[in-house]
Structure formats: structure tokens, C-alpha cells
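>>> Using only what follows, build the 3D model:
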Amino acid sequence: MSVSTNRVLSASVSPWAIAQALRRYDAALRELCMRLLPALSVAVGEAPGHFAQFFRPPSTALRIIHYPPSPAERPQDLYGSHPHTD
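Predicted coordinates for the structure are as follows:
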């Protein structure tokens, strides 16, 4: 395992700005999916509003995990997010 410098974000980018952008992305993606549901419902022979009931409230969660820089000298001590399955 190697530790490297983040080459995507500059140090001047606030974690809060990133979180806000991700929340906007999450909301836009949810809206898009809700707009596609009627077509998917009709495609499988159901009424246009059939699937919408299963997504109110939304069944997704957005978790933003930020790790501070970790020392490279003890990689065995590095720990990521809690083990999980998707």
C-alpha cells in the first residue's frame, strides 16, 4: 500500500464546498431517477406511478468520508471506513 498526495483537489478547496457539491449531485441524481421511473414502470407493464411509491422516502444515503493525511511509515496502522457491503 502506498500513500500519495491528492492530485485532484488543491489545498484551497474547502471540504464543506466539496460536501455541498456532492449533495447537489445527489439531489440531481435522485430527481433524474424519479423522472425515469414512470418509463420503467410502463416498460414492464405497470402503471406509470407504480414504482414511485417504493422510493418515497428515498432509499439511498450519501456518506462523505474524509481522512486526514496518514503517515506512510506505518501502513499497517492505516484504517479506512468501517467494513461494509453495498
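
>>> Can you identify each of the helices in this structure by residue range?
Secondary structure of the chain (DSSP state H): helices at 15-43.

>>> just for it, where's the confidence low?
The chain contains residues with pLDDT under 70 at 1-11, 66-72, 74-86.

>>> Report the separation between residue 22 and residue 33.
For residue 22, the distance to residue 33 (C-beta to C-beta, to the nearest Å) stands at 16 Å. For every residue, glycine as well, the C-beta is placed using N, CA and C.

>>> now swap in residue 49 and tell me
Using C-beta to C-beta, we find residue 49 at a distance of 14 Å from residue 33.

>>> Put the alpha carbons of stretch 50-58 into PDB.
Extracted in PDB, the C-alpha atoms of stretch 50-58 (Å, rounded to 0.1, in the frame of the first residue of the first chain):
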ATOM      1  CA  HIS A  50     -46.200   2.100  -9.800                       C
ATOM      2  CA  PHE A  51     -42.500   2.200  -8.700                       C
ATOM      3  CA  ALA A  52     -42.500   5.800  -7.200                       C
ATOM      4  CA  GLN A  53     -44.100   4.500  -4.000                       C
ATOM      5  CA  PHE A  54     -41.100   2.400  -3.300                       C
ATOM      6  CA  PHE A  55     -38.700   5.400  -3.400                       C
ATOM      7  CA  ARG A  56     -40.500   7.800  -1.100                       C
ATOM      8  CA  PRO A  57     -38.700   8.500   1.100                       C
ATOM      9  CA  PRO A  58     -35.500   7.800  -0.900                       C
END
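
>>> Pull out the buried residues from that stretch.
Judged by neighbour count using 16 or more other C-beta atoms under 10 Å, the buried positions of stretch 50-58 are residue 51.

>>> List the residues that contact residue 52.
Residue 52 makes contacts with 34, 37, 38, 41, as judged by C-beta atoms under 8 Å, 6 or more residues apart in numbering.

>>> Just list the residues touching the closest residue to residue 50 other than its chain neighbours, thanks.
Spatial nearest neighbour of residue 50, excluding adjacent residues (C-beta to C-beta, 6 or more residues apart in numbering): residue 41 at 4.3 Å. Residue 41 makes contacts with 47, 48, 49, 50, 51, 52, as judged by C-beta under 8 Å, 6+ apart.
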